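Colleague: here are the coordinates; sequence isn't available:
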C-alpha cells in the first residue's frame, strides 16, 4: 500500500539550531517523487523541496535539505539555522504511479515550533 | 504569493444554503485540484481537472459539485452540506502530469464552517 508516515506530531527547536523532521514512505514503485510542503497558520501550502527516486544526490534548497535514504525508505527534511518564521505545519508527500497519475499521498504532518 | 488565489477565505453556511468556492491560478498551469483538509487527517484529494476535463473524482458526495470553465478557474459548488463537511478546502494547480516532479502550487484555502 502507498503510504506516508510522519511520526512526530509536534517538534520544538531553538532559534538558529537545525532540526530534522522525519518522513518514511511505502511504495513498491521504482520511480516516484517525494515532496515537502510547509503550511503556516495562514493556510497556504508552500512547496519546499523535491527528491526523485533516481536522484543520486540529496536535494537542497537554501536552508532546506532532504536526507534521502532509499533503502530505508526515508526522506527526512532538515532545516538549518531555524528562524521564527519556520514555525508551521510540515507535510511530506509522495507521487507514485501505483497511486494513480494524479494522486499525491500526504502524511499527517508535523507541527514545528521555533523558540526564541 | 504562489499565484493561486482562493475566495472567500472564510465561509459560514447553514445546511440548506448553496454557496460556491472560487479558485484562480495565474501560473499558466494545465491541471487544477480540490483538496479537503480536516483536523488530524491527511489531505484528501477530491477532484482533479486537466485542461478543463475532470480526470479524477475520489468518491466525493454529490453535494460537492466542481466546475472548471477554463484552465485558470476552478469552482466548487456546495449545497445541503453536513456539519462534518466543515474543513479547510484547498485548491492547487500544476503544470502537467507527465513528469515525476509535478509540483503543486496551493492557494491559501477557504475555511468552511457548516452550522
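Modeller: Everything's here; your move. These numbers were taken from a predicted model, which means no experiment stands behind them. Numbers count the residues shown, from 1 in each chain, chains lettered A, B, ... in the order given.
Colleague: ranking helices and strands of the chain by mean pLDDT, which lands last?
Modeller: Because you didn't say which chain, this covers chain A. None of the helices or strands of chain A scores lower by mean pLDDT, DSSP states H and E than strand A:105-106, at a mean of 92.
Colleague: could you do chain B instead?
Modeller: strand B:53-57 (a mean of 79).
Colleague: what pairs with it, parallel or antiparallel?
Modeller: When pairing is defined by DSSP bridges, strand B:53-57 lines up against strand B:44-50 (antiparallel).
Colleague: distance between the strand it pairs with and the chain's centre?
Modeller: Centroid separation between strand B:44-50 and its chain, computed with C-alpha atoms, centre = their mean, to the nearest Å, is 7 Å.
Colleague: can you list contacts of that strand?
Modeller: Contacts to strand B:44-50, defined as C-beta atoms under 8 Å, 6 or more residues apart in numbering or on different chains, come from residues A:102-104, B:30-38, B:54-58, B:60, B:64, B:66, B:68, B:74, B:76, B:96-97. C-beta: built from backbone N, CA, C; applies to glycine.
Colleague: filter the residues you listed to the buried ones?
Modeller: A:102-104, B:30-37, B:56, B:60, B:64, B:66, B:68, B:74, B:76, B:97 (16 or more other C-beta atoms under 10 Å in any protein chain shown).
Colleague: mark which of these are part of strands, please.
Modeller: Residues from the buried ones among the contacts of strand B:44-50 lying in strands, with DSSP state E as the criterion: B:31-37, B:56, B:64, B:66, B:68, B:74, B:76.
Colleague: show me which pair in the residues you listed is furthest apart.
Modeller: Greatest spatial distance among these (C-beta to C-beta): B:37 and B:68, at 20.4 Å.
Colleague: for chain A, what spans make up the strands?
Modeller: Using DSSP E, strands in chain A cover A:3-5, A:10-14, A:19-21, A:24-26, A:33-39, A:46-52, A:60-61, A:64-69, A:74-79, A:88-95, A:105-106, A:110-115.
Colleague: so is the fourth one next to chain B?
Modeller: Which is strand A:24-26. No. Using C-beta under 8 Å from any C-beta of the partner chain, strand A:24-26 never reaches chain B; the gap is at least 12.8 Å.
Colleague: return the set of buried residues in that strand.
Modeller: Across strand A:24-26, burial judged by 16+ other C-beta under 10 Å covers A:24-25.
Colleague: for residue B:114, give the beta-bridge partners.
Modeller: Residue B:114 has these beta-bridge partners by DSSP bridges: residue B:13.
Colleague: how many neighbouring residues does it have?
Modeller: 19 (other C-beta atoms under 10 Å in any protein chain shown).
Colleague: show me which residues of chain B sit near chain A.
Modeller: B:2, B:9, B:31, B:33, B:40-43, B:45, B:48, B:50, B:55-56, B:88, B:90, B:92, B:97, B:100-109, B:111.
Colleague: ok, 6 Å please
Modeller: Chain B comes close to chain A at residues B:42-43, B:45, B:48, B:56, B:88, B:97, B:100-101, B:103, B:106, B:108-109, as judged by C-beta under 6 Å from any C-beta of the partner chain.
Colleague: including distance to residue A:74, could those residues go into CSV?
Modeller: What follows is the residues of chain B next to chain A, written out as CSV (distance: C-beta to C-beta, whole Å):
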residue, distance to residue A:74
B:42, 18
B:43, 21
B:45, 24
B:48, 28
B:56, 28
B:88, 28
B:97, 26
B:100, 18
B:101, 19
B:103, 21
B:106, 25
B:108, 30
B:109, 29
